[in-house]
Structures are given as C-alpha cells and as structure tokens.
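Engineer: I would like to see how this sequence folds:
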Amino acid sequence: MSWTECSESRPFAAKRLVCFPHAGGSSYFFRDWRKGLPEFEVHSVCYPGRADRFGEPTATDLVAMAGEIAEAVKPLLDRPTVLFGHSMGAAVAYETARALEADGVRPAHLFVSGAPASNLVRSDARAAGANEESVIAALTALGGTDAELLDHPMFRELILPYIQADFRLLGSYEHRPGALLGCPVTAVAGADDPRVTPEQVARWASVTEGAFRQWTVPGGHFYLTDAPPYELVREAHLAPPYEPVREAHLARDETRSR
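Structural biologist: Here you go, the predicted structure:
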C-alpha cells in the first residue's frame, strides 16, 4: 500500500502539498483540501492500521515511520512541496522534513498545526494512551469526535485500538538533537485549543534556521475542520521564494499572531 493518496492528479500544478493527519486520522481527513487549494496537487499520508491499510499493523516508532514516508514522498519534490501536519501529524511531518533534508532534499515549507514543539516532552500523549478510557477522555477534551460515536461498540472494537496505538506512538516519541531545518516553518493553533499553549507553539521556532511565523486562529484543537487554513498555506508559500536544494537559508521573520 502506498504511503500517500492523491485523489486528483494535477500534472500542471506548480506546487504540491503533502498532508499528515492527526492521531486516529486517515488520509480522508484532507480529501477536500484540493478544492480549497486548486494551485496545489494535494497528497495525504496514509498511516498503517486504518482505512485502506486497516489490515496492516500500526506503527510503533514515529521516527522510523517518518523515514519511510520521506522515501515515499521524495519523488514528489521535483516541484516545490509543502508539508502540513496536524496534531500528531505535526511531529510526523517535522521528522519527515528532517529525513528529507538529511538526504539533501528540502521541502518548500513546513506547517505544524495544533501541536507543541517536537522538542517538548509529550507526557500528555503517554498518559492518554495508557488505556481505552484514557483515550476516550482525551478525545472528549480535544473535541472533533461525536460523543455518541465514542460509546458505540463498533467504534470501540474497530477504531479505538488504532487511535490508542497512535497515542502510544506519539507518547514514545523522543526528539533527537541534530541539524536544524533549513526550510521555513509556520506554526498554527486554535485560540481555544486545550492541548497547546502559545508558548509551546512558539518553540517551533527553535527547529529551523529558516523563516518562522506563528499564527493563532479562531477555534479549538480541530479548528481546521470548519475553517481550513487555505489562505495561510497559500500566503506563506508565496512570501519567501522557493529555494532549490542546498541554497542559502531564509532570514528569520518576526513571529506574528492573529
């Protein structure tokens, strides 16, 4: 099974966007983004253990998984390619960007959404993945999942196990010291997100030598369900020019919020 899904091939699109879902999420979460970003060819990452990869074992090592994803998406970087990761997907997208740059291939931009910086301890994810009730409590706090669905036997039998596996995956992740990214990074979070603080989001600035911007948008953890940040993706990519591999780093921008 492929690591990515592209529901609409756009051979003449000037840019590509690769989206990384949240814990428990699948590639379907970003399927409609192609409509809001017609200038991009949109790809979504397919994690094992769900949707079309339901029969596969779930991942247990986030960095190793990111390395496999990097190999899979490397051919897409023949055009300027933006990586966008939400929640757990932010950490996976970041580690994918690190793997790509270590191999001499630079993404055009990295978006990290709804997540504390990857160099922060993720004790909340470890606690949430401890048992089924902890996962249910975490999902309830974050919102985005219908309360009736959480109590449905089918949900608990088929879906809850891979959500719990994702929480464990994130909880076991440890940031490794290493080279800073060269690509620009934009961090986005909902103003009412119970999971992250602006201070935690701001620390994403420490992972790159490129430009950094921070945006606070209306909504909670799943702000992008009702208001996908299409304009931020479009504007952020247009602001700094695309840099070919190994060219000079972009100058750091002043952190902004709205």
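Engineer: following the chain onward from the one helix or strand in the chain whose mean pLDDT sits lowest, which element is next?
Structural biologist: Least confident element among the helices and strands of the chain, by mean pLDDT, DSSP states H and E: helix 123-128 (a mean of 53). Next helix or strand after helix 123-128 toward the C-terminus (DSSP states H and E): helix 132-142.
Engineer: name the helices or strands packed onto that following helix?
Structural biologist: If you count contacts as 3 or more C-beta pairs under 8 Å, 6 or more residues apart in numbering; DSSP states H and E, helix 132-142 packs onto helix 123-128, helix 147-150, helix 160-171. C-beta: built from backbone N, CA, C; applies to glycine.
Engineer: show me the strands in this protein, by range?
Structural biologist: In the chain, the strands defined using DSSP state E lie at 4-5, 15-20, 40-45, 81-86, 109-113, 185-190, 212-217.
Engineer: is it possible to get a markdown table of the ones you listed that adds mean pLDDT?
Structural biologist: Formatted as a markdown table, these follow (pLDDT from 0 to 100):
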| stretch | mean pLDDT |
| --- | --- |
| strand 4-5 | 92 |
| strand 15-20 | 97 |
| strand 40-45 | 96 |
| strand 81-86 | 97 |
| strand 109-113 | 97 |
| strand 185-190 | 96 |
| strand 212-217 | 95 |
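Engineer: redo these as CSV? Include distance to Pro161 and mean neighbour count.
Structural biologist: As requested, the strands of the chain are exported to CSV (distance: least, C-beta to C-beta, whole Å; neighbours: other C-beta atoms under 10 Å):
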stretch, distance to Pro161, mean neighbour count
strand 4-5, 22, 18
strand 15-20, 21, 26
strand 40-45, 20, 25
strand 81-86, 21, 28
strand 109-113, 25, 28
strand 185-190, 27, 26
strand 212-217, 32, 20
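Engineer: in TSV, list these along with distance to Asp61.
Structural biologist: Formatted as TSV, the strands of the chain follow (distance: least, C-beta to C-beta, whole Å):
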stretch	distance to Asp61
strand 4-5	19
strand 15-20	16
strand 40-45	16
strand 81-86	17
strand 109-113	20
strand 185-190	23
strand 212-217	28
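Engineer: what about the ones you listed, which gets the closest to Met65?
Structural biologist: Nearest of the strands of the chain to Met65, taken as C-beta to C-beta: strand 40-45 at 9.5 Å.
Engineer: I'd like the distance from that closest one to the chain centre, please.
Structural biologist: 12 Å (C-alpha atoms, centre = their mean, to the nearest Å).
Engineer: ok, that strand: who's next to it in the sheet?
Structural biologist: strand 4-5 (antiparallel), strand 15-20 (parallel) (DSSP bridges).
Engineer: those into CSV, with extra columns for distance to Glu95?
Structural biologist: Shown next, in CSV, are the strands paired with strand 40-45 (distance: least, C-beta to C-beta, whole Å):
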stretch, distance to Glu95
strand 4-5, 16
strand 15-20, 10
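Engineer: which stretch among these comes nearest Thr216?
Structural biologist: Closest among these, using C-beta to C-beta: strand 15-20, at 20.7 Å.
Engineer: which residues does the closest one contact?
Structural biologist: Residues from elsewhere that reach strand 15-20, judged by C-beta atoms under 8 Å, 6 or more residues apart in numbering: 4, 27, 29-30, 33, 37, 39-45, 73, 76-77, 79-86, 89-90, 92-93, 96, 108, 233, 237.
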